[in-house]
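Novice: Any chance you can model this:
(2 chains)
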Amino acid sequence: MTEERAFLKGNEALAYGALRTGLNAYFAYPITPSSEIPETLAAEWGRPEYPAFKVFLQAASELEAISMVIGAAATGAKAMTATSGPGFSLKQEGLSYAAGMELPMLVVDVNRAGPGLGNLGPEQTDYFQATRGGGHGGYPTVVLAPASVPEMASFPALGFDLAFRYRTPVVLLADAFLGQLKEDLSFPDVPAPTYDVSWAATGARGDERHVLSSLNLELMDQSRHSHHLLDKRLRIAEQEPRAEEVDTDDAEVVLVAYGICARLARRAVRLLRSRSVRAGLFRPITLAPFPARRLRGLLEAGRRKFLVVELNAGQMVEDVRLAVEGGAEVRSVGEMGGLLPSSLDLVRAGEAMAR
Amino acid sequence: MKRETIVAGHGGQGILEFANWLAYFHLRQGRHVAYTPSYGPETRGGKVKCYVVASDEPIDSPIVEEPDLLIAMNIPAMDWVPRLKPGGTLLVNSSLVRDGPDRTDVAVDRVPAAELASALARYVPEGGRDPSIAANSVMLGAVFAASHEDRERARTAVKAVFRHFLTDRKAAYIPLNLHAVDAGFELIAGPPVPA
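Specialist: Numbers count the residues shown, from 1 in each chain, chains lettered A, B, ... in the order given. Down below sits the predicted model:
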């Protein structure tokens, strides 16, 4: 660590990460605990360091913001919006349209606690809504789960890469803890990539006509389109699952956790090992597509006990159970309401499982 | 090296500013840092608490459960005393907290932060604020001394910290804050030995 490192909140790091990967347009409707994202982007708008960042617009509602993202994305722009649970619900309609229109975009959800307004603490209760496609009609989503401030900074590039390569909306699912956490980081010095946007609607100018729509009144047209979206979902599931493993080689208990819980679980793995429990960590980086085959591989390599740590009543645990298909013992531990499980909670649960 | 700190007090005491300075100080020493703020919706007077983890190794969990160091800036902050690691250090803002902790297995330093800061009125820019606003900088100096940081290295690093955070109108307060850091350091470590 010799070079000068930055020291930023997760939300700020995410904003700078988006700028450095060539963000063109941001449409804001601020909500705690995500508001540092629009704050940072508003402050940076117009600076010569970010010539690609053309538009920062404060919308009158979340519905307006996501619709603006649709409009910008239809022109091939790198467009983004960010919110928290209450706003993420409102953006689901737009996400459904964007998926139907096959528009690349980045939608950030900094998960706060509880249904309705809840509170401003961290939870992971939006897992189902994000990974299953919270809007209507059945559509593929890609969901990325950062677990640190450096990943809050680097995942916008990954998100836009997947979004443009597959022409799909990508959700970046963070939580209130990661949004407010400050850590040291450095930004990789890589040029902002460009993508093929020959499909985009960029104005007539004598070009061929590009129609971007999710409306297919002819049954056969919609059937073809639905199968095309399914094929895309399968290709993504085949090629894009990502996960990190720590000490899984000899683990008698594998903790499965994402986001801030992965950090808690990492400490719990260390504590469990100091108490002679061979623990490991499996951290999904893509929640959708879920890295099921890799988890299945752990099962086939002899891992038989999985302890899922989540800030909800048990959501990802369902994906873990689906992955192991009854071949392993799967238990769930967590907290809700903005609280976090203590190391002792996790160590006790791990020890109980190892016995 | 790994140090886990909790700093607690109320809104208006510069708790989060202090925690930012402390974290950035460690970052300037080449350490990894994690800073987790927690505060209520009030601008002044609400409970404020911050975790600061500094480590030569990458940090697994940023959550501090058993701090090596607790900085209690007001009476409610003493609620964290039971969490302090045995052998850990407690720095008490004795300007507001009269009673000591009911533990004998931790080192305790009492720092009259507001009084020490108030003695530095001559460094306040003309027409500026009451010098007691630098109480958090007094505490920062005390933390450096209690953590056995090298006096001159800490001094150099904290200058960079203040230049980073105290910009624009706040820049005029850098001398006050540097003297406040010195006062806190001296309280714990004694005056510098002349070369």
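
Novice: In three-state terms, label B:Glu115 for me.
Specialist: Put simply, B:Glu115 is helix when judged by DSSP: H, G, I helix; E, B strand; the rest coil.

Novice: doesn't B:Ser95 make contact with it?
Specialist: Yes. In this structure, B:Glu115 is within contact of B:Ser95 by C-beta atoms under 8 Å, at 5.8 Å. C-beta here means a position set from N, CA and C on the backbone, and glycine is covered the same way.

Novice: Tell me which of those two has more neighbours.
Specialist: Using other C-beta atoms under 10 Å in any protein chain shown, the more surrounded residue of B:Glu115 and B:Ser95 is B:Ser95, with 21 against 14.

Novice: Leaving aside the residues adjacent along the chain, what's closest to the more buried one?
Specialist: Leaving aside its chain neighbours, B:Ser95 sits nearest to B:Ala114 (3.7 Å; criterion: C-beta to C-beta, 6 or more residues apart in numbering or on different chains).

Novice: CA atoms only: put stretch B:132-145 into PDB for me.
Specialist: Taking C-alpha atoms only, stretch B:132-145 is exported to PDB below (Å, rounded to 0.1, in the frame of the first residue of the first chain):
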ATOM      1  CA  SER B 132     -13.900  24.400  22.900                       C
ATOM      2  CA  ILE B 133     -15.000  23.100  19.500                       C
ATOM      3  CA  ALA B 134     -11.500  21.600  19.300                       C
ATOM      4  CA  ALA B 135     -12.200  19.200  22.200                       C
ATOM      5  CA  ASN B 136     -12.300  16.400  19.700                       C
ATOM      6  CA  SER B 137      -8.800  17.300  18.500                       C
ATOM      7  CA  VAL B 138      -7.600  17.200  22.100                       C
ATOM      8  CA  MET B 139      -9.000  13.700  22.300                       C
ATOM      9  CA  LEU B 140      -7.300  12.800  19.000                       C
ATOM     10  CA  GLY B 141      -3.900  13.700  20.500                       C
ATOM     11  CA  ALA B 142      -4.700  11.800  23.600                       C
ATOM     12  CA  VAL B 143      -5.600   8.700  21.500                       C
ATOM     13  CA  PHE B 144      -2.300   9.000  19.600                       C
ATOM     14  CA  ALA B 145      -0.300   9.100  22.900                       C
END
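
Novice: chain center to it, what's the gap?
Specialist: Counting by C-alpha atoms, centre = their mean, to the nearest Å, stretch B:132-145 is centred 5 Å from the centre of its parent chain.

Novice: Show me what from chain A comes close to chain B.
Specialist: A:1-2, A:5, A:7, A:177, A:180-184, A:263-264, A:266-267, A:270, A:340, A:342-343 (C-beta under 8 Å from any C-beta of the partner chain).

Novice: one step back: count of neighbours near the residue nearest to B:Ser95?
Specialist: Per other C-beta under 10 Å, the neighbour tally for B:Ala114 reads 20.

Novice: what does the one 4 residues further on give?
Specialist: When counting by other C-beta under 10 Å, one arrives at 17 neighbours for B:Ser118.

Novice: how about it, what does it touch?
Specialist: B:130-132 (C-beta atoms under 8 Å, 6 or more residues apart in numbering or on different chains).

Novice: Show me the residues of chain A next to chain B that map onto strands.
Specialist: Among those, the ones falling in strands (DSSP state E) are A:7, A:182-184.
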